[in-house]
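> Sequence below, structure please.
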Amino acid sequence: MARYIGPKTKISRKFGEPLFGPDKSYEKKNYPPGQHGPNARRKKISEYGTQLKEKQKAKYTYGILERQFRNIFHKASRKKGITGEVLLQLIESRLDNTVFRLGIAPSRSAARQFVSHRHVTVNGKVVNIPSYSLRPGDVVAVRERSKSLEIVTSSVVSRINYPWLEWDGDKLSGRFMNYPERADIPENINEQLIVELYSK
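Got it, this is the predicted structure:
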């Protein structure tokens, strides 16, 4: 199963924001990496460089590699609506991302592992594919034998509510109500730059 396993703080410093969640190391050094430190002269980034950087930021944020990201974009471009918004909606509807949003796992990488280890059910059936696309009305739940896991109990305590998800704390399950509106997605991503990059 392909995933990014390199240094995460370095990536966060490159983009100027903690992409992988709270990071004490990033707070100490919140400037771009490099031997000359925060006072280094930075080259002006070209238009292409800005677009590429935005795409890379989205990929690292959601934990998706290049080929999969490109496939999602092509799928989004064939659907009705604004391509950039549809792209983010398709990414948000992934099972691993939804498990993270529901608060079942503390991070997207933890959610990905949680799904692949068969701890999650969709509509009552075990699904172990992190990239599984949810449809409106699908119910995501923690498998019965996994409900007592410490990662679940500790993560659910600090969960955040999102308008496109409905949470049932007693059953440790959530319903994917509909595809989220762009205004409801909290990630700081300029999806239009990604569309421009792939449109070249």
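
> contacting residues for the most centrally placed residue in the chain?
The centroid of the chain falls nearest to Y62 when counting by C-alpha atoms, centre = their mean (2.8 Å). If you count contacts by C-beta atoms under 8 Å, 6 or more residues apart in numbering, Y62 has them with 91, 94, 97, 108. From N, CA and C alone the C-beta is placed, and that goes for glycine too.

> same thing but 7 Å
Y62 makes contact with 91, 97, 108 under the criterion C-beta atoms under 7 Å, 6 or more residues apart in numbering.

> next one: A183
By C-beta under 7 Å, 6+ apart, the contact set of A183 is empty.

> ok, and for stretch 107-123, which residues are buried?
By neighbour count with 16 or more other C-beta atoms under 10 Å, stretch 107-123 contains the buried residues 108-116, 119-122.

> Dump those into a markdown table; add distance to S131 as well.
Shown next, in a markdown table, are the buried residues of stretch 107-123 (distance: C-beta to C-beta, whole Å):
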| residue | distance to S131 |
| --- | --- |
| R108 | 12 |
| S109 | 14 |
| A110 | 16 |
| A111 | 12 |
| R112 | 9 |
| Q113 | 14 |
| F114 | 14 |
| V115 | 9 |
| S116 | 10 |
| H119 | 16 |
| V120 | 13 |
| T121 | 17 |
| V122 | 13 |
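
> still on that earlier bit, pick the one among the contacts of Y62 closest to S12.
R108 (13.8 Å; C-beta to C-beta).
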